[in-house]
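J.: fold the following.
(one chain, ligands or ions: 1)
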Amino acid sequence: MAKKEMRQFSKEEVASHNKEGDLWIIIDGVVYDLTNFADLHPGGLTVLLDVAGQDATQEFYGLHRQSVLTRLGPKYEIGRILGSSSQITMQKPGDISEVPFAEPSAWQGFCSPYYKESHFKFRTAVRKFMQEEILPEGISNEESGTTADAETFEKMGAFGLLACRMGPGPHLKGMSLPGGVKPEEYDYFHEMIAHEEIAGLGLPGYQDSVATGMVIGLPPVLHFAQKELKQKVVSEVLSGKKRICLAITEATAGSDVAGVRTTAKKTADGKHYIVNGTKKWITNGHHCDYFSTAVRTGDGPGGISMLLIERSEGLETKAIKTSYSPSAGTCYITFENVKVPVENLLGKEGQGFQVIMFNFNHERWFIVAGVTRAMRLVVEECFMWAQQRLVFGKPLIEQPVIRAKLAHMISEVEAVHTWLESITYQMTKMNYTEASKKLGGPIALMKLRCTRVATRVSDEACQIFGGRAITKTGMGRVVEGFQRTFKFAAILGGSEEIMADLGIRQAMRVYPKGARL
Ligand code: HEM
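T.: Okay, here's the model as predicted:
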(Lines give C-alpha, C1' and ligand atoms only; values in the text may rest on other atoms or scores of the structure.)
Protein backbone atom coordinates (compact mmCIF):
# COMPACT_ATOMS: atom_id res chain seq x y z
CA MET A 1 0.00 0.00 0.00
CA ALA A 2 1.34 3.48 -0.91
CA LYS A 3 2.38 5.59 2.11
CA LYS A 4 -0.13 8.36 2.93
CA GLU A 5 1.13 11.65 1.49
CA MET A 6 1.70 14.19 4.33
CA ARG A 7 0.28 17.67 3.65
CA GLN A 8 2.78 20.48 4.11
CA PHE A 9 1.99 23.72 5.94
CA SER A 10 3.88 26.95 6.49
CA LYS A 11 4.27 28.18 10.09
CA GLU A 12 2.19 31.23 9.13
CA GLU A 13 -0.70 29.07 7.97
CA VAL A 14 -0.67 27.09 11.24
CA ALA A 15 -0.52 30.37 13.19
CA SER A 16 -3.90 31.45 11.77
CA HIS A 17 -5.64 28.44 13.45
CA ASN A 18 -5.32 29.84 16.92
CA LYS A 19 -8.69 29.90 18.64
CA GLU A 20 -11.44 27.77 20.13
CA GLY A 21 -13.27 26.08 17.25
CA ASP A 22 -10.17 26.27 15.06
CA LEU A 23 -7.14 25.06 17.03
CA TRP A 24 -3.93 23.69 15.54
CA ILE A 25 -0.56 23.08 17.19
CA ILE A 26 2.87 21.83 16.13
CA ILE A 27 4.78 19.08 17.95
CA ASP A 28 8.22 18.20 16.56
CA GLY A 29 7.34 19.46 13.07
CA VAL A 30 4.00 17.59 12.92
CA VAL A 31 0.80 19.63 12.69
CA TYR A 32 -2.17 18.53 14.81
CA ASP A 33 -5.71 19.81 14.40
CA LEU A 34 -7.04 19.71 17.98
CA THR A 35 -10.31 21.54 17.22
CA ASN A 36 -12.43 18.48 18.01
CA PHE A 37 -10.14 17.23 20.81
CA ALA A 38 -9.93 20.48 22.80
CA ASP A 39 -13.10 19.80 24.81
CA LEU A 40 -11.99 16.22 25.51
CA HIS A 41 -8.45 17.15 26.52
CA PRO A 42 -7.81 15.95 30.12
CA GLY A 43 -5.61 19.03 30.70
CA GLY A 44 -8.43 21.38 29.62
CA LEU A 45 -8.94 23.92 26.87
CA THR A 46 -7.15 26.91 28.39
CA VAL A 47 -3.69 25.35 28.24
CA LEU A 48 -4.23 24.49 24.59
CA LEU A 49 -5.40 28.03 23.77
CA ASP A 50 -2.12 29.35 25.25
CA VAL A 51 -0.19 27.53 22.52
CA ALA A 52 -2.81 27.51 19.74
CA GLY A 53 -1.22 28.07 16.31
CA GLN A 54 2.27 27.67 17.79
CA ASP A 55 5.04 25.14 18.23
CA ALA A 56 4.13 23.35 21.51
CA THR A 57 6.86 20.67 21.49
CA GLN A 58 8.48 21.82 24.72
CA GLU A 59 5.17 22.24 26.54
CA PHE A 60 3.90 18.86 25.34
CA TYR A 61 6.93 16.90 26.48
CA GLY A 62 7.03 18.77 29.78
CA LEU A 63 3.57 17.41 30.60
CA HIS A 64 2.99 14.12 28.75
CA ARG A 65 4.59 10.77 28.14
CA GLN A 66 5.38 10.06 24.52
CA SER A 67 2.89 7.18 24.60
CA VAL A 68 0.06 9.79 24.68
CA LEU A 69 1.16 10.91 21.23
CA THR A 70 1.59 7.34 19.94
CA ARG A 71 -1.92 6.53 21.12
CA LEU A 72 -3.87 9.67 20.22
CA GLY A 73 -1.60 11.56 17.83
CA PRO A 74 -2.48 9.75 14.57
CA LYS A 75 -6.15 10.69 15.02
CA TYR A 76 -5.41 14.43 14.98
CA GLU A 77 -2.29 14.61 12.80
CA ILE A 78 -2.93 16.55 9.56
CA GLY A 79 0.53 17.20 8.09
CA ARG A 80 4.04 18.62 8.57
CA ILE A 81 5.72 22.00 8.61
CA LEU A 82 7.26 22.64 5.23
CA GLY A 83 10.88 21.46 5.09
CA SER A 84 10.91 20.33 8.73
CA SER A 85 12.40 17.07 10.01
CA SER A 86 11.81 15.21 13.30
CA GLN A 87 14.22 15.90 16.14
CA ILE A 88 12.58 13.52 18.59
CA THR A 89 12.85 9.71 18.30
CA MET A 90 9.52 7.94 18.51
CA GLN A 91 10.07 4.72 20.52
CA LYS A 92 8.95 1.54 18.77
CA PRO A 93 8.16 -1.79 20.45
CA GLY A 94 11.40 -3.70 21.05
CA ASP A 95 13.65 -0.64 20.80
CA ILE A 96 16.74 -0.58 23.00
CA SER A 97 17.08 2.68 24.89
CA GLU A 98 19.95 5.03 24.12
CA VAL A 99 19.54 6.90 27.39
CA PRO A 100 22.81 6.34 29.28
CA PHE A 101 22.54 3.56 31.91
CA ALA A 102 18.98 2.68 30.86
CA GLU A 103 20.17 -0.73 29.64
CA PRO A 104 22.83 -3.17 30.83
CA SER A 105 26.16 -1.90 29.49
CA ALA A 106 26.45 -4.70 26.90
CA TRP A 107 23.37 -3.23 25.22
CA GLN A 108 24.94 0.21 25.15
CA GLY A 109 28.03 -0.60 23.17
CA PHE A 110 30.33 -1.87 25.95
CA CYS A 111 32.21 -5.16 25.79
CA SER A 112 30.95 -8.04 27.91
CA PRO A 113 32.28 -11.54 28.48
CA TYR A 114 28.79 -12.87 29.16
CA TYR A 115 26.51 -12.35 26.19
CA LYS A 116 26.32 -13.98 22.75
CA GLU A 117 24.30 -12.95 19.74
CA SER A 118 21.40 -15.12 20.89
CA HIS A 119 21.02 -13.04 24.08
CA PHE A 120 20.68 -9.84 22.07
CA LYS A 121 18.12 -11.39 19.72
CA PHE A 122 16.27 -12.85 22.68
CA ARG A 123 15.95 -9.53 24.53
CA THR A 124 14.68 -7.70 21.46
CA ALA A 125 12.12 -10.40 20.69
CA VAL A 126 10.81 -10.60 24.26
CA ARG A 127 10.67 -6.81 24.63
CA LYS A 128 8.80 -6.40 21.35
CA PHE A 129 6.33 -9.08 22.37
CA MET A 130 5.80 -7.58 25.83
CA GLN A 131 5.33 -4.04 24.52
CA GLU A 132 3.08 -4.98 21.60
CA GLU A 133 1.04 -7.84 22.98
CA ILE A 134 1.03 -7.43 26.75
CA LEU A 135 1.59 -3.79 27.76
CA PRO A 136 -1.73 -2.30 26.54
CA GLU A 137 -3.76 -4.89 28.49
CA GLY A 138 -1.32 -4.56 31.38
CA ILE A 139 -1.85 -0.82 31.82
CA SER A 140 -5.62 -1.15 31.99
CA ASN A 141 -5.51 -4.29 34.19
CA GLU A 142 -3.09 -2.67 36.63
CA GLU A 143 -5.56 0.17 37.00
CA SER A 144 -8.73 -1.90 37.20
CA GLY A 145 -7.14 -4.61 39.37
CA THR A 146 -8.08 -7.43 37.01
CA THR A 147 -5.71 -10.27 36.33
CA ALA A 148 -4.28 -11.15 32.91
CA ASP A 149 -6.93 -13.00 30.90
CA ALA A 150 -6.74 -16.57 29.61
CA GLU A 151 -5.86 -15.39 26.10
CA THR A 152 -2.81 -13.48 27.40
CA PHE A 153 -1.54 -16.55 29.24
CA GLU A 154 -1.99 -18.75 26.19
CA LYS A 155 -0.26 -16.14 24.02
CA MET A 156 2.70 -16.14 26.41
CA GLY A 157 2.68 -19.92 26.42
CA ALA A 158 2.66 -20.15 22.61
CA PHE A 159 5.50 -17.60 22.40
CA GLY A 160 7.53 -19.87 24.71
CA LEU A 161 7.93 -17.20 27.35
CA LEU A 162 6.36 -19.15 30.21
CA ALA A 163 8.75 -22.04 29.61
CA CYS A 164 11.68 -19.62 29.31
CA ARG A 165 10.96 -18.28 32.77
CA MET A 166 11.60 -21.75 34.19
CA GLY A 167 15.25 -21.58 33.12
CA PRO A 168 17.32 -23.99 31.05
CA GLY A 169 16.32 -27.66 31.19
CA PRO A 170 14.56 -30.59 29.53
CA HIS A 171 11.19 -28.78 29.66
CA LEU A 172 12.43 -26.66 26.71
CA LYS A 173 13.11 -29.67 24.48
CA GLY A 174 11.59 -29.28 21.01
CA MET A 175 10.21 -25.82 21.71
CA SER A 176 10.61 -22.78 19.52
CA LEU A 177 11.85 -19.96 21.72
CA PRO A 178 11.73 -16.15 21.33
CA GLY A 179 14.34 -14.68 18.99
CA GLY A 180 14.98 -18.10 17.41
CA VAL A 181 17.09 -19.19 20.41
CA LYS A 182 17.69 -22.95 20.33
CA PRO A 183 16.65 -24.87 23.47
CA GLU A 184 20.16 -26.34 23.76
CA GLU A 185 21.82 -22.90 23.81
CA TYR A 186 19.32 -21.43 26.30
CA ASP A 187 21.11 -20.51 29.56
CA TYR A 188 20.61 -18.55 32.78
CA PHE A 189 21.46 -15.28 31.01
CA HIS A 190 18.51 -15.82 28.67
CA GLU A 191 16.34 -16.56 31.67
CA MET A 192 17.59 -13.44 33.45
CA ILE A 193 16.65 -11.40 30.38
CA ALA A 194 13.15 -12.95 30.33
CA HIS A 195 12.56 -11.85 33.95
CA GLU A 196 14.06 -8.43 33.25
CA GLU A 197 11.82 -7.78 30.29
CA ILE A 198 8.69 -8.63 32.25
CA ALA A 199 9.76 -6.30 35.06
CA GLY A 200 10.41 -3.70 32.35
CA LEU A 201 6.66 -3.22 31.98
CA GLY A 202 6.79 -0.98 35.04
CA LEU A 203 3.45 -2.36 36.26
CA PRO A 204 4.21 -4.03 39.63
CA GLY A 205 0.90 -5.81 40.25
CA TYR A 206 0.19 -6.87 36.70
CA GLN A 207 3.69 -8.12 35.98
CA ASP A 208 3.46 -10.36 39.03
CA SER A 209 0.20 -11.71 37.62
CA VAL A 210 2.08 -13.02 34.53
CA ALA A 211 3.33 -15.29 36.20
CA THR A 212 5.42 -14.97 39.36
CA GLY A 213 3.37 -17.74 40.96
CA MET A 214 4.55 -20.12 38.24
CA VAL A 215 8.23 -19.14 38.55
CA ILE A 216 8.21 -20.17 42.21
CA GLY A 217 5.33 -22.67 42.24
CA LEU A 218 6.19 -24.90 39.28
CA PRO A 219 9.77 -25.94 40.25
CA PRO A 220 8.58 -28.31 43.00
CA VAL A 221 6.44 -30.06 40.36
CA LEU A 222 9.12 -29.94 37.69
CA HIS A 223 11.74 -31.51 39.96
CA PHE A 224 9.81 -33.58 42.52
CA ALA A 225 6.43 -34.71 41.10
CA GLN A 226 5.75 -38.25 39.97
CA LYS A 227 6.07 -38.71 36.21
CA GLU A 228 2.40 -38.68 35.18
CA LEU A 229 1.43 -35.76 37.38
CA LYS A 230 4.47 -33.83 36.22
CA GLN A 231 3.74 -34.38 32.53
CA LYS A 232 0.15 -33.24 32.89
CA VAL A 233 0.70 -30.20 35.10
CA VAL A 234 3.87 -28.91 33.42
CA SER A 235 2.31 -29.00 29.95
CA GLU A 236 -0.91 -27.33 31.17
CA VAL A 237 1.01 -24.57 32.95
CA LEU A 238 3.67 -23.87 30.32
CA SER A 239 1.05 -23.64 27.58
CA GLY A 240 -0.79 -21.04 29.69
CA LYS A 241 -3.95 -23.14 30.08
CA LYS A 242 -3.65 -23.49 33.85
CA ARG A 243 -2.03 -21.38 36.56
CA ILE A 244 0.03 -22.42 39.56
CA CYS A 245 1.39 -20.73 42.68
CA LEU A 246 3.56 -21.48 45.71
CA ALA A 247 1.70 -21.67 49.01
CA ILE A 248 4.11 -21.78 51.95
CA THR A 249 3.65 -18.66 54.07
CA GLU A 250 1.04 -18.57 56.83
CA ALA A 251 -0.07 -15.74 59.09
CA THR A 252 2.18 -17.18 61.80
CA ALA A 253 4.97 -18.60 59.61
CA GLY A 254 6.86 -16.37 57.18
CA SER A 255 10.63 -16.62 56.93
CA ASP A 256 10.25 -19.22 59.71
CA VAL A 257 9.05 -22.08 57.48
CA ALA A 258 9.23 -24.57 60.36
CA GLY A 259 6.25 -22.76 61.85
CA VAL A 260 3.87 -24.14 59.18
CA ARG A 261 0.64 -25.35 60.82
CA THR A 262 -1.48 -26.49 57.86
CA THR A 263 -1.95 -30.22 58.35
CA ALA A 264 -2.22 -33.12 55.90
CA LYS A 265 -3.47 -36.36 57.44
CA LYS A 266 -3.57 -39.60 55.49
CA THR A 267 -6.92 -41.34 55.17
CA ALA A 268 -7.29 -44.84 56.63
CA ASP A 269 -7.09 -46.42 53.15
CA GLY A 270 -3.81 -44.51 52.53
CA LYS A 271 -5.09 -43.09 49.24
CA HIS A 272 -5.55 -39.44 50.17
CA TYR A 273 -4.37 -36.66 52.40
CA ILE A 274 -6.97 -34.48 54.12
CA VAL A 275 -5.67 -30.94 54.31
CA ASN A 276 -6.75 -28.33 56.86
CA GLY A 277 -5.28 -24.92 57.53
CA THR A 278 -4.55 -21.53 55.98
CA LYS A 279 -1.98 -19.71 53.85
CA LYS A 280 -1.40 -15.98 53.56
CA TRP A 281 0.10 -13.54 50.99
CA ILE A 282 0.06 -16.11 48.22
CA THR A 283 1.03 -14.36 44.99
CA ASN A 284 -1.37 -15.19 42.11
CA GLY A 285 -3.28 -17.59 44.38
CA HIS A 286 -6.63 -15.93 43.83
CA HIS A 287 -6.56 -16.89 40.13
CA CYS A 288 -4.74 -20.22 40.37
CA ASP A 289 -5.73 -23.77 39.54
CA TYR A 290 -2.81 -25.45 41.33
CA PHE A 291 -1.12 -24.75 44.66
CA SER A 292 2.32 -26.18 45.55
CA THR A 293 1.65 -26.28 49.25
CA ALA A 294 3.75 -26.79 52.38
CA VAL A 295 1.89 -28.97 54.88
CA ARG A 296 2.60 -30.63 58.17
CA THR A 297 2.51 -34.44 58.00
CA GLY A 298 4.34 -34.93 61.30
CA ASP A 299 6.07 -33.11 64.15
CA GLY A 300 9.14 -30.91 64.03
CA PRO A 301 11.22 -29.87 61.02
CA GLY A 302 11.09 -33.44 59.66
CA GLY A 303 7.31 -33.24 59.62
CA ILE A 304 7.00 -30.85 56.70
CA SER A 305 5.90 -32.17 53.29
CA MET A 306 4.99 -30.59 49.95
CA LEU A 307 1.72 -31.37 48.17
CA LEU A 308 0.34 -30.26 44.84
CA ILE A 309 -3.23 -29.28 45.59
CA GLU A 310 -5.75 -28.63 42.86
CA ARG A 311 -8.50 -26.05 43.36
CA SER A 312 -11.32 -28.24 44.63
CA GLU A 313 -14.01 -28.54 47.26
CA GLY A 314 -12.95 -27.07 50.60
CA LEU A 315 -10.24 -24.81 49.12
CA GLU A 316 -11.15 -21.15 49.07
CA THR A 317 -9.17 -18.06 48.16
CA LYS A 318 -9.87 -14.53 49.31
CA ALA A 319 -8.09 -11.49 47.82
CA ILE A 320 -5.81 -9.57 50.21
CA LYS A 321 -5.59 -5.82 49.73
CA THR A 322 -1.87 -5.13 49.43
CA SER A 323 -0.12 -1.91 48.36
CA TYR A 324 -0.04 -3.00 44.75
CA SER A 325 -2.66 -3.89 42.18
CA PRO A 326 -5.15 -6.71 42.95
CA SER A 327 -4.20 -7.80 39.44
CA ALA A 328 -1.46 -9.89 41.15
CA GLY A 329 -4.12 -12.00 42.86
CA THR A 330 -2.38 -11.98 46.27
CA CYS A 331 -4.63 -14.02 48.52
CA TYR A 332 -5.51 -15.75 51.74
CA ILE A 333 -6.29 -19.46 51.38
CA THR A 334 -8.38 -21.66 53.60
CA PHE A 335 -8.27 -25.44 53.34
CA GLU A 336 -11.18 -27.26 54.96
CA ASN A 337 -10.95 -31.03 54.63
CA VAL A 338 -9.48 -30.76 51.14
CA LYS A 339 -8.98 -34.25 49.69
CA VAL A 340 -5.66 -34.65 47.89
CA PRO A 341 -4.51 -37.90 46.19
CA VAL A 342 -1.28 -39.27 47.71
CA GLU A 343 0.18 -39.28 44.17
CA ASN A 344 0.30 -35.46 44.53
CA LEU A 345 3.07 -35.64 47.11
CA LEU A 346 6.09 -33.68 45.83
CA GLY A 347 9.26 -35.45 46.88
CA LYS A 348 9.09 -37.72 49.90
CA GLU A 349 6.87 -37.39 52.95
CA GLY A 350 8.68 -35.46 55.66
CA GLN A 351 11.23 -34.08 53.19
CA GLY A 352 9.30 -30.94 52.31
CA PHE A 353 12.17 -28.77 53.54
CA GLN A 354 14.46 -30.05 50.79
CA VAL A 355 11.75 -29.37 48.19
CA ILE A 356 11.23 -25.84 49.52
CA MET A 357 14.94 -25.10 49.77
CA PHE A 358 15.58 -26.48 46.28
CA ASN A 359 14.35 -23.33 44.61
CA PHE A 360 15.09 -20.65 47.22
CA ASN A 361 18.33 -19.45 45.64
CA HIS A 362 16.74 -19.35 42.22
CA GLU A 363 13.76 -17.41 43.59
CA ARG A 364 16.02 -14.82 45.21
CA TRP A 365 18.11 -14.49 42.06
CA PHE A 366 14.92 -14.02 40.02
CA ILE A 367 13.74 -11.30 42.42
CA VAL A 368 17.04 -9.45 42.01
CA ALA A 369 16.80 -9.67 38.21
CA GLY A 370 13.31 -8.13 38.27
CA VAL A 371 14.07 -5.41 40.81
CA THR A 372 17.29 -4.42 39.07
CA ARG A 373 15.42 -4.01 35.79
CA ALA A 374 12.73 -1.98 37.55
CA MET A 375 15.45 0.23 39.07
CA ARG A 376 17.00 0.81 35.64
CA LEU A 377 13.62 1.84 34.34
CA VAL A 378 13.31 4.33 37.18
CA VAL A 379 16.81 5.65 36.43
CA GLU A 380 15.83 6.09 32.77
CA GLU A 381 12.61 7.87 33.70
CA CYS A 382 14.49 10.20 36.07
CA PHE A 383 17.17 11.00 33.50
CA MET A 384 14.59 11.75 30.81
CA TRP A 385 12.41 13.77 33.14
CA ALA A 386 15.36 15.80 34.39
CA GLN A 387 16.31 16.58 30.78
CA GLN A 388 12.87 17.66 29.58
CA ARG A 389 11.33 19.28 32.65
CA LEU A 390 11.95 23.02 32.77
CA VAL A 391 12.37 24.57 36.21
CA PHE A 392 13.32 28.21 36.80
CA GLY A 393 13.69 28.55 33.02
CA LYS A 394 16.14 25.68 32.52
CA PRO A 395 16.08 21.87 32.44
CA LEU A 396 15.96 20.25 35.86
CA ILE A 397 19.25 18.48 35.14
CA GLU A 398 21.04 21.83 35.21
CA GLN A 399 20.59 21.74 39.01
CA PRO A 400 23.70 20.12 40.60
CA VAL A 401 21.55 18.58 43.33
CA ILE A 402 19.61 16.61 40.70
CA ARG A 403 22.80 15.43 38.99
CA ALA A 404 24.09 14.23 42.36
CA LYS A 405 20.92 12.20 42.89
CA LEU A 406 21.28 10.58 39.47
CA ALA A 407 24.94 9.82 40.17
CA HIS A 408 24.09 7.91 43.35
CA MET A 409 21.23 6.00 41.75
CA ILE A 410 23.25 5.00 38.70
CA SER A 411 26.41 3.98 40.53
CA GLU A 412 24.47 1.77 42.93
CA VAL A 413 22.25 0.14 40.29
CA GLU A 414 25.27 -0.60 38.10
CA ALA A 415 27.03 -2.24 41.06
CA VAL A 416 24.08 -4.54 41.79
CA HIS A 417 23.67 -5.46 38.14
CA THR A 418 27.34 -6.28 37.79
CA TRP A 419 27.08 -8.62 40.78
CA LEU A 420 23.94 -10.17 39.27
CA GLU A 421 25.78 -10.88 36.02
CA SER A 422 28.73 -12.36 37.88
CA ILE A 423 26.48 -14.71 39.90
CA THR A 424 24.50 -15.62 36.79
CA TYR A 425 27.77 -16.59 35.14
CA GLN A 426 28.54 -18.89 38.07
CA MET A 427 25.10 -20.47 37.62
CA THR A 428 25.92 -21.27 33.99
CA LYS A 429 29.12 -23.05 35.09
CA MET A 430 28.16 -24.91 38.28
CA ASN A 431 25.99 -27.96 38.68
CA TYR A 432 23.10 -27.78 41.11
CA THR A 433 25.01 -29.20 44.09
CA GLU A 434 27.97 -26.88 43.69
CA ALA A 435 25.72 -23.86 43.11
CA SER A 436 23.67 -24.63 46.24
CA LYS A 437 26.81 -24.89 48.32
CA LYS A 438 28.61 -21.85 47.00
CA LEU A 439 25.94 -19.41 45.82
CA GLY A 440 23.31 -19.41 48.61
CA GLY A 441 25.25 -16.90 50.71
CA PRO A 442 26.27 -14.52 47.90
CA ILE A 443 22.74 -14.56 46.42
CA ALA A 444 21.29 -13.69 49.83
CA LEU A 445 23.72 -10.79 50.23
CA MET A 446 23.05 -9.65 46.68
CA LYS A 447 19.31 -9.59 47.38
CA LEU A 448 19.95 -7.59 50.53
CA ARG A 449 22.07 -5.08 48.59
CA CYS A 450 19.53 -4.93 45.78
CA THR A 451 16.59 -3.99 47.98
CA ARG A 452 18.71 -1.55 50.03
CA VAL A 453 19.64 0.16 46.74
CA ALA A 454 15.96 0.09 45.76
CA THR A 455 15.22 2.09 48.92
CA ARG A 456 17.62 4.81 47.82
CA VAL A 457 16.49 4.72 44.18
CA SER A 458 12.89 5.12 45.26
CA ASP A 459 13.77 7.96 47.60
CA GLU A 460 15.83 9.93 45.06
CA ALA A 461 13.35 9.30 42.23
CA CYS A 462 10.50 10.66 44.33
CA GLN A 463 12.43 13.85 45.03
CA ILE A 464 13.22 14.25 41.32
CA PHE A 465 9.63 13.65 40.20
CA GLY A 466 7.95 15.65 42.98
CA GLY A 467 4.14 15.46 43.01
CA ARG A 468 4.15 13.17 39.99
CA ALA A 469 5.93 10.50 42.07
CA ILE A 470 2.76 10.18 44.10
CA THR A 471 0.38 10.33 41.11
CA LYS A 472 -0.64 7.04 39.50
CA THR A 473 -1.16 8.25 35.93
CA GLY A 474 0.81 10.42 33.54
CA MET A 475 4.51 11.28 33.75
CA GLY A 476 5.10 9.73 37.18
CA ARG A 477 3.37 6.40 36.49
CA VAL A 478 6.52 4.25 36.71
CA VAL A 479 8.13 6.06 39.67
CA GLU A 480 4.86 6.05 41.59
CA GLY A 481 4.48 2.30 41.08
CA PHE A 482 8.05 1.65 42.12
CA GLN A 483 7.99 3.73 45.31
CA ARG A 484 4.71 2.10 46.33
CA THR A 485 5.87 -1.47 45.85
CA PHE A 486 9.66 -1.87 46.11
CA LYS A 487 9.25 -3.04 49.71
CA PHE A 488 7.64 -6.26 48.48
CA ALA A 489 11.05 -7.45 47.32
CA ALA A 490 12.67 -6.49 50.63
CA ILE A 491 10.29 -8.83 52.45
CA LEU A 492 9.32 -11.66 50.09
CA GLY A 493 11.63 -14.56 49.29
CA GLY A 494 13.50 -13.93 52.57
CA SER A 495 13.52 -10.59 54.37
CA GLU A 496 16.58 -8.31 54.33
CA GLU A 497 17.42 -9.32 57.89
CA ILE A 498 17.29 -13.05 57.10
CA MET A 499 19.32 -12.48 53.92
CA ALA A 500 22.03 -10.61 55.82
CA ASP A 501 22.27 -13.29 58.48
CA LEU A 502 22.22 -16.17 56.01
CA GLY A 503 24.94 -14.58 53.89
CA ILE A 504 27.30 -14.25 56.84
CA ARG A 505 26.48 -17.63 58.37
CA GLN A 506 27.25 -19.28 55.02
CA ALA A 507 30.59 -17.48 54.93
CA MET A 508 31.33 -18.54 58.52
CA ARG A 509 30.87 -22.18 57.51
CA VAL A 510 33.76 -22.01 55.06
CA TYR A 511 35.87 -19.67 57.19
CA PRO A 512 39.41 -21.10 57.29
CA LYS A 513 40.05 -22.56 60.74
CA GLY A 514 43.64 -21.40 60.77
CA ALA A 515 43.00 -17.79 59.79
CA ARG A 516 44.24 -15.20 62.32
CA LEU A 517 44.38 -11.43 62.14
C1 HEM B 1 -1.68 16.06 20.46
C2 HEM B 1 -1.77 16.88 21.51
C3 HEM B 1 -2.19 16.50 22.89
C4 HEM B 1 -2.78 15.35 23.35
C5 HEM B 1 -3.19 14.12 22.54
C6 HEM B 1 -2.93 15.51 24.78
C7 HEM B 1 -3.47 14.54 25.62
C8 HEM B 1 -3.46 14.62 26.98
C9 HEM B 1 -3.79 13.52 27.87
C10 HEM B 1 -4.22 12.11 27.43
C11 HEM B 1 -3.63 13.96 29.13
C12 HEM B 1 -3.86 13.11 30.43
C13 HEM B 1 -2.58 12.89 31.17
C14 HEM B 1 -1.64 11.89 30.59
O15 HEM B 1 -2.03 10.77 30.30
O16 HEM B 1 -0.45 12.25 30.46
C17 HEM B 1 -3.22 15.33 29.06
C18 HEM B 1 -2.96 16.11 30.17
C19 HEM B 1 -2.54 17.41 30.09
N20 HEM B 1 -2.24 18.12 28.97
FE21 HEM B 1 -2.39 17.44 27.06
N22 HEM B 1 -2.46 16.73 25.16
C23 HEM B 1 -1.99 17.36 24.03
C24 HEM B 1 -1.41 18.59 23.98
C25 HEM B 1 -1.20 19.43 25.06
C26 HEM B 1 -0.55 20.72 25.03
C27 HEM B 1 0.05 21.32 23.78
C28 HEM B 1 -0.57 21.21 26.30
C29 HEM B 1 -0.04 22.49 26.90
C30 HEM B 1 0.55 23.40 26.38
C31 HEM B 1 -1.22 20.24 27.14
C32 HEM B 1 -1.41 20.38 28.48
C33 HEM B 1 -1.84 19.39 29.33
C34 HEM B 1 -1.89 19.50 30.76
C35 HEM B 1 -1.54 20.75 31.59
C36 HEM B 1 -2.33 18.27 31.23
C37 HEM B 1 -2.50 17.88 32.69
C38 HEM B 1 -1.15 17.36 33.12
C39 HEM B 1 -1.07 16.83 34.51
O40 HEM B 1 -2.09 16.45 35.10
O41 HEM B 1 0.08 16.78 35.00
N42 HEM B 1 -1.59 19.17 26.35
N43 HEM B 1 -3.10 15.70 27.76
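J.: list the contacts of Val233.
T.: Remark: with contacts taken as C-beta atoms under 8 Å, 6 or more residues apart in numbering, Val233 is in contact with 218, 221, 225, 242, 244, 290, 308. Placement of C-beta: from N, CA and C, glycine included.
J.: with neighbour count, distance to the ligand and pLDDT added, can I get those residues in TSV?
T.: Below are these laid out as TSV (neighbours: other C-beta atoms under 10 Å; distance: C-beta to the nearest ligand atom, whole Å; pLDDT from 0 to 100):
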residue	neighbour count	distance to the ligand	pLDDT
Leu218	29	37	98
Val221	24	42	98
Ala225	23	46	98
Lys242	19	36	98
Ile244	27	36	98
Tyr290	23	38	98
Leu308	24	44	98
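J.: just flag the most distant two among those residues.
T.: Put simply, by C-beta to C-beta the two of those set farthest apart are Ala225 and Lys242, 14.0 Å from each other.
J.: chain neighbours aside, what residue packs nearest to the single nearest residue of the stretch 351-500 of the chain relative to the ligand?
T.: Closest approach between the stretch 351-500 of the chain and the ligand, counting by C-beta to the nearest ligand atom: Gly474, at 3.8 Å. Take Gly474 and drop its neighbours on the chain: the residue closest to it by C-beta to C-beta, 6 or more residues apart in numbering is Arg468, 6.5 Å away.
J.: contact partners for the one you found?
T.: When contacts are counted by C-beta under 8 Å, 6+ apart, Arg468 touches 474-476, 479-480.
J.: of all those residues, which two lie farthest apart?
T.: Pairwise distances across the contacts of Arg468 (C-beta to C-beta) peak at 10.8 Å, for the pair Gly474 and Val479.
J.: any idea how far Gly43 is from Val479?
T.: For Val479, the distance to Gly43 (C-beta to C-beta, to the nearest Å) stands at 20 Å.
J.: SS state for Thr428?
T.: Recorded secondary structure, Thr428: helix (DSSP: H, G, I helix; E, B strand; the rest coil).
J.: got it, and Leu420?
T.: Three-state assignment for Leu420 (three-state DSSP): helix.
J.: was I right about it contacting Phe189?
T.: No - contact criterion C-beta atoms under 8 Å: Leu420 and Phe189 do not qualify, at 10.3 Å.
J.: residues from this structure in reach of the ligand?
T.: Where the chain comes near the ligand, counting by C-beta under 6 Å from any ligand atom, the residues are 25, 32, 34, 41-43, 47-48, 50-51, 56, 59-60, 63-65, 68, 72-73, 76, 473-474.
J.: would you show me how to pick out the buried ones of those residues in PyMOL?
T.: In PyMOL syntax, the buried subset of the residues of the chain next to the ligand is picked out as below (16 or more other C-beta atoms under 10 Å):
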select buried, resi 25+32+34+48+51+56+59+60+63+64+65+72+76
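J.: the residues of the chain next to the ligand in strands, which ones?
T.: By the criterion of DSSP state E, membership of the residues of the chain next to the ligand in strands covers 25, 32.
J.: next one: phi and psi at the one residue in the chain that gets nearest to the ligand?
T.: Residue nearest to the ligand within the chain (C-beta to the nearest ligand atom): Gly43, separated by 2.4 Å. When quoted as degrees, to the nearest 10, the phi and psi of Gly43 stand at phi -90, psi 0.
J.: can you check Ile78 too?
T.: Backbone dihedrals for Ile78, given as degrees, to the nearest 10, come out at phi -120, psi -10.
J.: burial check on it, number of neighbours?
T.: Using other C-beta atoms under 10 Å, Ile78 is surrounded by 14 other residues.
J.: how does the protein divide into domains?
T.: In the domain annotation for the chain, the residue ranges read 7-81, 105-210, 244-356, 360-509 (automatic domain parsing).
J.: let me see the backbone angles for Gly347.
T.: Listed backbone geometry of Gly347 is phi 80, psi -160, with angles given as degrees, to the nearest 10.
J.: list the contacts of it.
T.: 220, 224, 305-306, 354-355.
J.: check contacts around the residue nearest the centre of the chain.
T.: For the chain, the residue sitting closest to the mean C-alpha position, by C-alpha atoms, centre = their mean, is Ala199 at 2.3 Å. Contacts of Ala199 were listed using C-beta under 8 Å, 6+ apart, and they are 207, 369-371, 373-374, 377.
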